[in-house]
Every structure is written in C-alpha cells, then in structure tokens.
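[1] Sequence and predicted structure, then a few things I'm wondering about:
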Amino acid sequence: MPITRSILDRLADWLYGDGRATYRVWIKPRIAPRVLPLIDRLVSDDEDGETIRLALIPWRRAERPVIAVHGGDISTCRIDGPWQKAGIRWIPLGGLVRSSGITWHLTPFEAQALHNHMQRVIDDATCAWINEHGPERCHAHAGINREEADREAKAMIAAWAVRRHQVPAGEIYHPEQQNDV
C-alpha cells in the first residue's frame, strides 16, 4: 500500500504540476491535536508561514532541541534541551553563547544560570518599558483583532517609511510624537 500511495502521489504531482510536494506523516493521536495546527501554520504560503519558518532557523542549526534563544545585535545565547529533571528542578542539557568571534559551549548548570539571568533582565527591561510608555495602554485581554491590527501596523510602517526620508540628519524620528498615523 505505501508503494501504491507513493506512485499515486508522484503521478498527481506530475499531472497537476502546481509546484507542491506531497508529504505524509503518521502522528500519534495523543499529540496530533497540538501538532497539526502548528504544521498547518508552518506550511502556509503567506507572511505568517514565512515568519514561522524563519523563526525556526536556530532550531535547524542546533544539535539539540532549542529551549530558548536570547539574541542581541552582537551576541546570541541558546539554551538547549530537552529539560532534565533533577530532584524538584528542571535543568537544560547545555547551551551555546556566540559573541564577537567566540563560541562558548555551556554546561547544564552554566546554561541554567544564564537562562535565569536572561529571563530576569528581560523582565526588568519589559517592566521599565511599560512604566516609561504608560501602563494605562496595557490591556487585560492579550488577544487582538488580527486583521485590524495588521492593517493598522502596516499603515504605520508605510507612513514611517515615507517620513523617514523627511527627518533632518542627526534627528531620530519617534512615531509616537506624530498623531497623523
């Protein structure tokens, strides 16, 4: 039966010639409800699918499953799994730091310490940003109307791109100072 299915898939690909590939996979029923929506989003032929595929690049390059990637302009810290239970704690198998010509392979305990440190720094920076930009803009509900929010964001970016060339040299444009968007 698998040979017949393979032949039929190839024949359909040849006949329809739409540039699509047939990919079949058997998924255990226990994980199917969580995995199938991810696969659908991963293979979607739109901006969302492209963004998801680009976000997975660090996963493809890693030897182990990636737990987290903390990246800056110069340095990147990757925490590798899978998580290992150690008593009442969970510890990653290791990690990798890349910065300005160096690569440092982390032990499980170095990876855990750096991961905890990065989470604290991110939390501190996020809270400071919220306080600086006004907590009154925060919403109790995290969801958005995707169509409306995307349209507004793209309009803001387009307006910024047009005005970007009109800002005098040496000055930085701050979109929140303009109310015409």
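    Structure received. The structure displayed is predicted, hence computed values, not measured ones.
[2] Report how many residues lie close to Ala111.
    Residues near Ala111, counting by other C-beta atoms under 10 Å, number 25. Using the backbone N, CA and C atoms, a C-beta is placed for each residue, glycine as well.
[3] need the contact list for it.
    Ile79, Asp80, Ile91, Pro92, Leu93, Gly94, Gly95 (C-beta atoms under 8 Å, 6 or more residues apart in numbering).
[4] filter the residues you listed to the buried ones?
    Taking 16 or more other C-beta atoms under 10 Å as the criterion, what is buried in these is Ile79, Asp80, Ile91, Pro92, Leu93, Gly94, Gly95.
[5] And the pLDDT at the fourth one?
    Per-residue confidence at Pro92 stands at 97 (pLDDT).
[6] Wait, it touches Arg78, no?
    No. Pro92 is beyond contact range of Arg78, at 9.9 Å (criterion: C-beta atoms under 8 Å).
[7] Pretty sure Ala125 sits in a strand.
    No. Checked against DSSP: H, G, I helix; E, B strand; the rest coil, Ala125 lies outside a strand; its state is helix.
[8] list the residues that contact both of Pro92 and Arg78?
    In contact with both Pro92 and Arg78: no residue, using C-beta under 8 Å, 6+ apart.
[9] backbone phi and psi for Trp71, please?
    Residue 71: Gly, not Trp. Dihedral angles of Gly71 (phi, psi; degrees, to the nearest 10) stand at phi -120, psi 150.
[10] Neighbours of it, how many?
    11.
[11] In this structure it contacts Leu96, no?
    No. Gly71 lies out of contact with Leu96 (C-beta under 8 Å); the separation is 11.7 Å.
[12] what are the ranges of the strands in the protein?
    Taking DSSP state E as the test, the strands found in the chain are 66-71, 75-80, 84-86, 89-91, 94-99, 102-106.
[13] Of these, which is nearest Val121?
    Nearest to Val121 among those is strand 66-71; the distance by C-beta to C-beta comes to 8.5 Å.
[14] So what are the sheet partners of that closest one and their directions?
    The strands beside strand 66-71 in its sheet (DSSP bridges) come out as strand 75-80 (antiparallel).
[15] contact partners of the strand it pairs with?
    58, 62-71, 92-100, 111, 114-115, 118.
[16] Next: stretch 88-105.
    Outside of stretch 88-105, the residues within contact range by C-beta under 8 Å, 6+ apart are 62, 64, 67, 74-84, 106-112, 114-115.
[17] Stretch 62-69 too?
    So stretch 62-69 is in contact with 58-59, 76-83, 92-94, 96, 115, 118, going by C-beta under 8 Å, 6+ apart.
[18] If I look at Gln178, what pLDDT would I see?
    Gln178 is given a pLDDT of 52.
[19] So Pro29 versus Leu36, what's the distance?
    Remark: distance between Pro29 and Leu36 (C-beta to C-beta, to the nearest Å) = 11 Å.
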